[in-house]
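[1] fold the following.
(2 chains)
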Amino acid sequence: MSLSCHRRANPAYHMSMKPIVTRFAPSPSGFLHLGNARTALFSLLAALPDGRFLLRIEDTDRARVSPVFTDAVLADLDWLGLGAYIDHQAIWRQSAREAIYRGQLDRLSQLGLSYPCFCSPAELAHEREQLRARGLPPRYSGRCARLPESEVKARLARGEPAAWRFRVPGGETVCFVDRVRGPQTVPADTLGDFVVARASGEPMFFFANAIDDALAGVTLVLRGEDHLPNTPRQILLLNALKLPVPEYGHLPLVLGESGVPLSKREGAASVAELREQGFLPLAIVNYLARLGAAIACEDLADLKELAGVFSVDHIGRSPAHFDRQQLLHWQRLALARMPDETLVAWLPAEVPAQARAAFVRAVRPNVLFARDFAYWAAVIYGAAPVTIGTAAGEALQAVGRPFFDIALGALADRTPPGELPGRLKAAGIGGKRLFHALRAALTGSLEGPEMRDLLVLMPPDIISRRLMDAVGVLC
RNA sequence: GCUCCCUUCGUCUAGUGGCCUAGGACGCUGGCCUCUCACGCCGGUAACAGGGGUUCGAAUCCCCUAGGGAGCGCCA
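    Next up, the predicted model:
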């Protein structure tokens, strides 16, 4: 077997003499899911701090692509914080570059490296089926490659529809070093002459994709492992056209909690969904940066800090599972980092202006999402009675009616609510029973912010009402 | 069917022949703090998929098996 390896011609890619140029190339046929978001993130982290990170919209498939999704993907990237690092001048859409692809397609045919294929889709499907039935990999036979030139000309002149196939060189071996998977060698003969342009004249995805990467000066392509089989074809194409070949790194897929690849409708798989659930971008970024990769940093870090500890060499080779618990951990850390003033802005209107800062300080240890602030606001300031949970109900029973009579009596005597625990303790009920009962009556739950803070925040009339409600529950 | 790939605690991972009685993080769990819950702090639990080799020595190298994944389009 010959070993004429199409190794990249330009050693500069390897020696990091030139800045790294990476890109993210989503096809806007749906919302940005976590797997793609991670690919984008890794690509950005690989380029930071000195390189460039490009964004290309692969919208050549008019049937599936929608501008709605394009905008949504862009918005998601911005929201995650990646947008700030994208060279916005450099965002481009493949749909606007058809002339460029056509030019390269023409070059290919002028070089004699591509040929028209008149086989109908039905014929091809039939052929594939037969090969498969015989236990052979379904590859194109190369029938049209052997057509006499006169016949080709005649059929073309007749306007017969034809796709264009790349003439894969026989006997060669394509070699490349995948930055994630290591050295790869693929005998070109296993590829089969592949289609580079549809009969309609449109370029195939991986053709346009490779051309764009080369023309944009991309030095490192990070993408999902489902693109690995395309890589030898793209290298062959780029070599044939004398265009620079980037390095490639193929990321293992991200699996949902059920073990199914994330791209296939998994719950909570899209960035948009997580945003709606209240997750912070910093939490998602920190989670994703460590999903399927080893990062020498266990603290919450921003994109620049993450880039400092990120390395393509530490990307794992096995698929990673999405784990909500882990994401929640980063959410906790990300929330803890938010300054009080920011959190104050999240509060619903029912929290009085003069109490907002104190409210945030008291409640934030018990909160994971913005909506949790709303929950506590409703508990503390809401006119509606709280719903008493089972455990809370038992806490009420444990102290009995006299407890509430004492508390209500004290309040009637204009005792500040903050002194309630002291009063009750003096009456002989203390410790856990006291606080649990009080908490149960006031909030309906046994968990929540410090009672000390709660008693100060909660308006006295609401406290009285809640205590009376508790008595009602006891009866 | 064929080709290629993957496999360390439940999860994310460290580990590239001796530093491994396998380390960290999340989770779970015990304790401390606290008149209560949470937060925080300190401990504990738990893994080299299985089987053969190679070697003085293997999580690390080789082979086989099992399980999982991807690809094989005029989809991207």
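[2] using PDB, write out every CA atom in stretch A:113-125.
    Taking C-alpha atoms only, stretch A:113-125 is exported to PDB below (Å, rounded to 0.1, in the frame of the first residue of the first chain):
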ATOM      1  CA  LEU A 113     -10.700  15.800 -11.300                       C
ATOM      2  CA  SER A 114     -14.400  15.700 -11.400                       C
ATOM      3  CA  TYR A 115     -16.900  14.300 -13.900                       C
ATOM      4  CA  PRO A 116     -20.600  14.400 -14.600                       C
ATOM      5  CA  CYS A 117     -22.600  11.500 -13.300                       C
ATOM      6  CA  PHE A 118     -25.900  10.700 -15.000                       C
ATOM      7  CA  CYS A 119     -27.100   8.000 -12.800                       C
ATOM      8  CA  SER A 120     -30.500   8.600 -11.400                       C
ATOM      9  CA  PRO A 121     -31.100   8.700  -7.600                       C
ATOM     10  CA  ALA A 122     -33.300   5.600  -8.000                       C
ATOM     11  CA  GLU A 123     -30.500   3.700  -9.800                       C
ATOM     12  CA  LEU A 124     -28.000   4.700  -7.200                       C
ATOM     13  CA  ALA A 125     -30.300   3.600  -4.400                       C
END
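[3] list the buried ones in it?
    Neighbour counts over stretch A:113-125 (16 or more other C-beta atoms under 10 Å) mark A:L113, A:S114, A:Y115, A:P116, A:C117, A:F118, A:C119, A:L124 as buried. C-beta here means a position set from N, CA and C on the backbone, and glycine is covered the same way.
[4] how near is the residue of chain A most remote from its centre to A:D469?
    Centroid-distance maximum for chain A: A:D413 at 57.5 Å, with C-alpha atoms, centre = their mean. Look at A:D413 and A:D469: by C-beta to C-beta, to the nearest Å, they are 20 Å apart.
[5] now do A:L282
    40 Å.
[6] higher neighbour count, those two?
    With neighbours defined as other C-beta atoms under 10 Å, A:L282 and A:D469 compare such that A:L282 has more, 21 against 17.
[7] which residue, neighbours along the chain excluded, lies closest to the more buried one?
    Distance criterion C-beta to C-beta, 6 or more residues apart in numbering; nearest residue to A:L282, sequence neighbours excluded, is A:A334 at 4.2 Å.
[8] now do the same end-to-end measure for stretch A:104-115.
    Distance between the two ends of stretch A:104-115: 14 Å, counting by C-alpha to C-alpha, to the nearest Å.
[9] flag every buried residue along that stretch.
    A:Q104, A:L105, A:L108, A:S109, A:L113, A:S114, A:Y115.
[10] for those residues, which one is nearest A:V271?
    The closest of the buried residues of stretch A:104-115 to A:V271 turns out to be A:Q104 (C-beta to C-beta; 33.6 Å).
[11] for the closest one, pull up the helix or strand it's in.
    Following DSSP states H and E, one finds A:Q104 within helix A:98-110.
[12] tell me how far that helix is from the chain's mean position?
    34 Å (C-alpha atoms, centre = their mean, to the nearest Å).
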